[in-house]
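1. sequence and predicted structure, then a few things I'm wondering about:
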Amino acid sequence: MPHQRLNPDNLYRAAGDVYSQIVVSAPGTQWHIAGMVPLDRERNLVGENDMARQVEQVMHNLQLALDAVGASAAHIVRLHVYTTDMDRFMAEGREPLYRFFSAAPPASTLLGVARLADARYLVEVEVSAVAG
């Protein structure tokens with residue numbers, strides 16, 4: 001894999017080591033995947049008012065997007081997570097999201113927002129990925 005994941009000793013550690021502070025990528029193909037939301041193929045909301053279920057659907061949609069370009073979670077170098085309820089995300093949504101990345105955590109930012117495109121969405125995830 002052309003990515004080097006760094007957590008310098010002189011910088012604070014990622015909480016639970018679930019993300020990398022720095023990801024260095026060699027030149028290669030880049031993919032910037034739009035925000036994935038908790039909709040199924042027919043645009044039905046999955047997991048209304050259920051943070052964990054919405055995160056699972058978002059990650060399923062992300063996997064479908066990666067599959068479409070022949071990429072995997074290991075290619076993801078940048079992750080932005082937007083949530084309308086930070087406390088619920090930390091309690092219920094964090095584990096299914098970070099399980100997706102397991103051994104190759106990307107550089108990550110978690111943002112609390114007032115609202116997403118549909119008021120029923122609790123979470124949205126966008127990523128950038130690179131293949132050498």
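-> Here it is on my side, so go on.

2. M86 contacts V113, correct?
-> No - under the criterion of CB atoms under 8 Å, M86 is not in contact with V113, lying 9.4 Å apart. C-beta here means a position set from N, CA and C on the backbone, and glycine is covered the same way.

3. in what helix or strand does D118 lie?
-> Using DSSP states H and E, no element contains D118; it sits outside every helix and strand.

4. hmm, I was thinking of H32
-> Here H32 sits within strand 29-36, counting by DSSP H and E.

5. for A65, grab phi and psi.
-> Main-chain dihedrals, A65, degrees, to the nearest 10: phi -60, psi -40.

6. ok, what's across the strand from the nearest residue to it once chain neighbours are set aside?
-> Once flanking residues are discounted, A65 sits nearest to I33: 5.0 Å by CB to CB, 6 or more residues apart in numbering. On the basis of DSSP bridges, I33 is bridged to V127.

7. with R5 instead?
-> Assessed by DSSP bridges, R5 has beta-bridge partners V23.

8. so it touches A103, yeah?
-> No - if you go by CB under 8 Å, R5 and A103 don't touch, sitting 9.7 Å apart.

9. who has more neighbours out of those two?
-> Neighbours per residue (other CB atoms under 10 Å) separate R5 from A103, with R5 holding more: 17 against 7.

10. so how far is F89 from the more buried one?
-> With distances taken as CB to CB, to the nearest Å, R5 is found 23 Å from F89.

11. where does the prediction get shaky in this protein?
-> Applying pLDDT under 70 to the chain flags the ranges 1-2, 11-12, 14-18, 21.
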